[in-house]
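Undergrad: coords below, sequence missing:
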């Protein structure tokens with residue numbers, strides 16, 4: 001799994017046969033076994049944070065109830 005947190009400008013995510021446009025503040029999680037590409041949607045630089053988990057595990061965990 002992968003999380004993308006778009007920080008500035010617009011990010012184009014091609015995921016399989018889908019084309020997604022992420023704007024600042026949006027997040028995507030997807031199976032990295034699906035063919036994918038990501039990059040700037042225009043000529044402006046893009047900021048993003050990519051988080052990978054161990055052996056493809058989810059990068060986020062649910063907190064246990066107190």
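TA: All right, it came through fine. Keep in mind it's a predicted model, so treat the numbers as computed, not measured.
Undergrad: what residue ranges in the protein score low on pLDDT?
TA: By pLDDT under 70, the weakly predicted segments of the chain are 1-6, 53-66.
Undergrad: any chance you could map the strands in it?
TA: 2-8, 11-15, 18-22, 27-30, 36-40, 47-52 (DSSP state E).
Undergrad: would you turn those into a markdown table with mean neighbour count?
TA: Where C-beta positions appear, they are placed from N, C-alpha and C, glycine not excepted. Shown next, in a markdown table, are the strands of the chain (neighbours: other C-beta atoms under 10 Å):
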| stretch | mean neighbour count |
| --- | --- |
| strand 2-8 | 16 |
| strand 11-15 | 17 |
| strand 18-22 | 13 |
| strand 27-30 | 14 |
| strand 36-40 | 13 |
| strand 47-52 | 12 |
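Undergrad: can you pull up the bridge partners for the closest residue to residue 39 other than its chain neighbours?
TA: Of all residues not flanking residue 39 in the chain, residue 12 sits nearest, at 6.0 Å (C-beta to C-beta, 6 or more residues apart in numbering). Residue 12 has these beta-bridge partners by DSSP bridges: residue 21, residue 39.
Undergrad: From residue 48, how far out is residue 12?
TA: Counting by C-beta to C-beta, to the nearest Å, the separation of residue 12 from residue 48 is 11 Å.
Undergrad: so what's in contact with these two at the same time?
TA: residue 38 (C-beta atoms under 8 Å, 6 or more residues apart in numbering).
Undergrad: Could you pull up the residues touching the residue nearest to residue 39?
TA: Each residue near residue 12 by C-beta under 8 Å, 6+ apart is listed here: 19, 20, 21, 22, 38, 39, 40, 41.
Undergrad: Any chance of TSV for these, columns distance to residue 31?
TA: Listed next are the contacts of residue 12 as TSV, based on distance: C-beta to C-beta, whole Å:
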residue	distance to residue 31
19	17
20	14
21	20
22	17
38	14
39	19
40	23
41	22
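Undergrad: which one among the residues you listed gets closest to residue 52?
TA: Nearest to residue 52 out of the contacts of residue 12 is residue 38 (C-beta to C-beta; 13.9 Å).
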